[in-house]
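K.L.:
Sequence and predicted structure, then a few things I'm wondering about:
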Amino acid sequence: MDNFDYGIIGGGPAGYTAAMLLAKQGFSVVLFEKDKLGGTCLNRGCIPTKSFLHSSELYSKILKSEEIGISFENLKFDFSKVIEQKDKTVEKVRKALELAVKNSGVKTVYEEACIIRENTIKAGEEIYTIKNIILASGSKPKEIPGFEFDGEFILSSDDILNITSLPSKVLIVGSGAIGIEWARIFSNFGVKVYISEIAEHLLPNADIEVSKRIERIFKQNGVTFYLKNRIEKIDGKTVFLQNGEEINPDFILSAVGREPVCNIEGCSSIIGDACGEIQLAHYAIQQAKKIALGTECHKDLIPSVIYGEPEIAWLGIREQDCDETYKIVKLPITALGKSWCDNSTEGFIKVITKQNQICGVHIVSKEASAMIHTFLVAMQNNISIDNLKNICFAHPTYSEGIAEVILGL
Ligand SMILES: Cc1cc2nc3c(=O)[nH]c(=O)nc-3n(C[C@H](O)[C@H](O)[C@H](O)COP(=O)(O)OP(=O)(O)OC[C@H]3O[C@@H](n4cnc5c(N)ncnc54)[C@H](O)[C@@H]3O)c2cc1C
């Protein structure tokens, strides 16, 4: 029987971050992972989707680059190579992670862990006595009642990673981050994409203007979406939607959210997706830092980012939640010289303020994922708008849009 200060169940971002940080402080730590280190994020989420997105964007950009003087004859892509590149990326990142975990002194056990009684975990045939048990067991894709995953026609975000060729038509159910990113991947590769969303707008959690802008961009790109809609019936490969539309996709990607994997009692804390709160890798990491280092974890200051062209990022209060005491300023991305150089003028930076402080930021733009962090630092540290105006941003950049937009206040 082995004794440890900490036993952590789940080797995703929450689990491996907590494990390494605790081990670095001299605690003895055992990390249990039933599958692969890196969890959903590295193996089935953030990293593989961004690799697909990168390949698809490159292809789509080259296709459209004739107007800037770049053209290819017989431009084509080999989807098996795209998959190979995604696999290589995941493997490289995982290898680096495995090494970092090993070097930090954490003992990793590749078994399903089960808390059998207080301070006791069974994994494989081994029993571990542990002073503090942390549950970081993550989440799994949610199913649509009546239209459960079958791995063939109704796919989850896990199943979709197993496709070996591109469909010609796909129906995506749900337009949160996962649905939008996959819509972009498929659409960039020339696949006909349909989206069915139960809410009134795409990206229902976003600021209303962001949702409307994404709808406009999707329309321009030939993505068909149905709002306030749901699947009524599936007959063979024909999908009947509530609004009377009939679609014949090669398959459906069901992306209606994720639910916690959290059926183990007896742990001292639960972190990451298993909490069922904000299901993002960086929130999981922040929670792990809180447990291991006592750092702060501001739930209302967790940035959301949707990747692809243009990126979407937001933070804080949305326009639809504001009353007349808030002030809103907006800068179109066309105002930035850099956007014209990059041929990437779509989008805006919108800032919501009250009493000289920033309360919400909503960005649709190339490099939105980078820009949002400047606002985050300002918001978390109560840096006033007047103080932000003293900062000199480099030209030509997208970030100088931050300086420009707040000049309007
Ligand atoms: C398609 C997709 C794209 C995404 N993109 C992004 C993104 O761009 N940015 C972002 O921030 N987030 C993204 N996410 C969400 C992100 O992946 C999760 O928020 C993050 O992985 C949560 O980390 P976690 O450590 O809590 O759980 P997970 O990463 O789910 O890790 C949990 C681990 O626990 C293991 N486990 C569970 N039970 C046991 C047990 N009993 N014994 C041993 N091991 C166990 C599992 O095998 C798993 O490896 C995406 C998710 C998906 C599906």
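P.N.:
Everything's here; your move.
K.L.:
Could you report the neighbour count for the residue of the stretch 101-250 of the chain found nearest the ligand?
P.N.:
Relative to the ligand, the nearest point of the stretch 101-250 of the chain is G138 (2.2 Å; CB to the nearest ligand atom). Any C-beta I mention is one placed from the backbone N, CA and C, and that applies to glycine too. Using other CB atoms under 10 Å, G138 is surrounded by 27 other residues.
K.L.:
got a list of what it touches?
P.N.:
G10, G12, A14, G39, T40, P260, V261, G272, D273, A274 (CB atoms under 8 Å, 6 or more residues apart in numbering).
K.L.:
wouldn't A206 be in contact with W314 here?
P.N.:
Yes. Counting by CB atoms under 8 Å, W314 is a contact partner of A206 at 6.1 Å.
K.L.:
any shared contact partners between those two?
P.N.:
S304, H362.
K.L.:
Mind pulling up the pLDDT for C262?
P.N.:
On the pLDDT scale, C262 is placed at 80.
K.L.:
I meant to write G272 there.
P.N.:
Reported pLDDT for G272: 97.
K.L.:
Not counting sequence-adjacent ones, nearest residue to it?
P.N.:
In space, and not counting its chain neighbours, G272 is closest to A14: 2.7 Å by CB to CB, 6 or more residues apart in numbering.
K.L.:
Say whether the ligand is contacted by the helix or strand hosting E98.
P.N.:
Mapping E98 onto the secondary structure by DSSP states H and E places it in helix 79-103. No. Helix 79-103 lies apart from the ligand when judged by CB under 6 Å from any ligand atom; the minimum separation is 11.1 Å.
K.L.:
which other residues reach that helix?
P.N.:
11, 16, 19-20, 31, 36-38, 42-43, 47-48, 51-52, 55-56, 108, 161, 164-166, 189.
K.L.:
give me the subset of the residues you listed touching the ligand.
P.N.:
By CB under 6 Å from any ligand atom, the members of those lying near the ligand are G11.
K.L.:
I'd like the distance from the helix holding E98 to the chain centre, please.
P.N.:
18 Å (CA atoms, centre = their mean, to the nearest Å).
K.L.:
Next, the buried residues of that helix.
P.N.:
V82, I83, K86, T89, V90, V93, R94, L97, E98, V101 (16 or more other CB atoms under 10 Å).
K.L.:
Stretch 167-185 now?
P.N.:
167, 169-185.
K.L.:
what do you get for stretch 331-346?
P.N.:
L331, I333, L336, K338, S339, S344, T345, E346.
K.L.:
Those: which two are farthest apart?
P.N.:
L331 and S344 (14.8 Å; CB to CB).
K.L.:
Residues of the chain that sit close to the ligand?
P.N.:
Checking the chain against the ligand by CB under 6 Å from any ligand atom, the hits are 9-15, 32-35, 39-41, 44-46, 49, 112-113, 136-139, 157, 178, 261, 272-274, 279-282, 284.
K.L.:
Provide a list of residues in contact with the residue lying closest to E197 once chain neighbours are set aside.
P.N.:
Counting by CB to CB, 6+ apart, the nearest residue to E197 once its immediate chain neighbours are dropped is S175, at 4.4 Å. Neighbour list for S175: A183, I195, E197, A199, L202, L203, P204, F225 [criterion: CB under 8 Å, 6+ apart].
K.L.:
Would it be right to say that A284 lies in a helix?
P.N.:
Yes. Judged by DSSP: H, G, I helix; E, B strand; the rest coil, A284 forms part of a helix.
K.L.:
Quick check: it vs L171, distance?
P.N.:
Distance, A284 to L171, by CB to CB, to the nearest Å: 30 Å.
K.L.:
cool, L99 as well?
P.N.:
In terms of CB to CB, L99 sits 41 Å off from L171.
K.L.:
And F240, by the same measure?
P.N.:
From F240 over to L171 the distance is 11 Å, taken as CB to CB.
K.L.:
Over to E296?
P.N.:
Distance from E296 to L171, by CB to CB: 42 Å.
K.L.:
Equivalent analysis for I391, please.
P.N.:
I391 is 46 Å from L171, by CB to CB.
K.L.:
next one: phi and psi at the residue of the stretch 101-250 of the chain closest to the ligand?
P.N.:
phi 80, psi -150 (degrees, to the nearest 10).
K.L.:
who touches I317 in this structure?
P.N.:
I317 touches Y326, I352, C359, G360, counting by CB under 8 Å, 6+ apart.
K.L.:
go with 7 Å
P.N.:
For I317, the contact set (CB atoms under 7 Å, 6 or more residues apart in numbering) comprises I352, C359, G360.
K.L.:
for the residues you listed, which one is nearest D150?
P.N.:
G360 (40.7 Å).
K.L.:
burial count for the closest one?
P.N.:
With other CB under 10 Å as criterion, G360 counts 22.
K.L.:
wait, isn't it in contact with R318?
P.N.:
Yes. Shown here, G360 and R318 form a contact pair, counting by CB atoms under 7 Å, at 6.1 Å.
K.L.:
Low-confidence ranges, the chain, go.
P.N.:
Applying pLDDT under 70 to the chain picks out residues 1, 263-264.
K.L.:
can you give me the helices in it?
P.N.:
Assigned by DSSP state H, the helices in the chain fall at 13-24, 39-44, 46-63, 79-103, 177-188, 208-220, 281-293, 337-341, 368-380, 385-388, 400-407.
K.L.:
Determine which of these approaches I127 most closely.
P.N.:
Using CB to CB, the nearest of the helices of the chain to I127 is helix 13-24, at 19.5 Å.
K.L.:
what inclination does the closest one have with respect to helix 281-293?
P.N.:
Counting by axes from the mean of the first three to the mean of the last three CA atoms, to 10 degrees, helix 13-24 lies at 30 degrees to helix 281-293.
K.L.:
ok and helix 13-24 relative to helix 46-63, angle-wise?
P.N.:
120 degrees.
K.L.:
same for helix 13-24, what does it pack against?
P.N.:
strand 2-9, strand 29-32, helix 79-103, helix 281-293 (3 or more CB pairs under 7 Å, 6 or more residues apart in numbering; DSSP states H and E).
K.L.:
Can you name every helix or strand that the shortest one contacts?
P.N.:
So the one you mean is strand 29-32. strand 2-9, helix 13-24, strand 107-109.
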